[in-house]
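Peer 1: sequence isn't available, so here's the structure alone:
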């Protein structure tokens, strides 16, 4: 959190909750990407899968 929190927009308030949400989302996307990668027998690039997961959350 100490590395992410300073990057959050302080004007919106409650940076700690927002920081936790961002970090949790990143780890959840990594988890989803790795599960998809394993299910596909490692045929896809895991970073491409991660990018797809992040894009889905941003949509």
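Peer 2: Received the coordinates, thanks. Note that this is a predicted model, so its numbers are computed, not measured.
Peer 1: residue nearest the centroid of this protein?
Peer 2: Against the mean C-alpha coordinate of the chain, by Cα atoms, centre = their mean, the closest residue is residue 26 at 1.6 Å.
Peer 1: list the contacts for it?
Peer 2: residue 54 (Cβ atoms under 8 Å, 6 or more residues apart in numbering). The way it works is simple: take the backbone N, C-alpha and C, and place the C-beta from them, glycine included.
Peer 1: can you say which helix or strand has it in it?
Peer 2: helix 15-39 (DSSP states H and E).
Peer 1: so how far is the helix or strand of the chain with the lowest mean pLDDT from its chain's centroid?
Peer 2: None of the helices or strands of the chain scores lower by mean pLDDT, DSSP states H and E than helix 15-39, at a mean of 94. Chain-centre distance of helix 15-39: 4 Å, with Cα atoms, centre = their mean, to the nearest Å.
Peer 1: re earlier: roughly how far does the residue nearest to the centre of the chain sit from residue 55?
Peer 2: Distance of residue 26 to residue 55, given as Cβ to Cβ, to the nearest Å: 13 Å.
Peer 1: can you check residue 2 too?
Peer 2: Using Cβ to Cβ, residue 2 is found at 27 Å from residue 55.
Peer 1: who has more neighbours, the two?
Peer 2: When neighbours are counted by other Cβ atoms under 10 Å, residue 2 and residue 55 differ, and residue 55 comes out ahead with 10 against 6.
Peer 1: where does that one land on pLDDT?
Peer 2: pLDDT, residue 55: 97.
Peer 1: quick revisit: buried sites along the least confident helix or strand of the chain?
Peer 2: Residues of helix 15-39 classed as buried: 15, 19, 29-30, 32-33, 37 (neighbour count, 16 or more other Cβ atoms under 10 Å).
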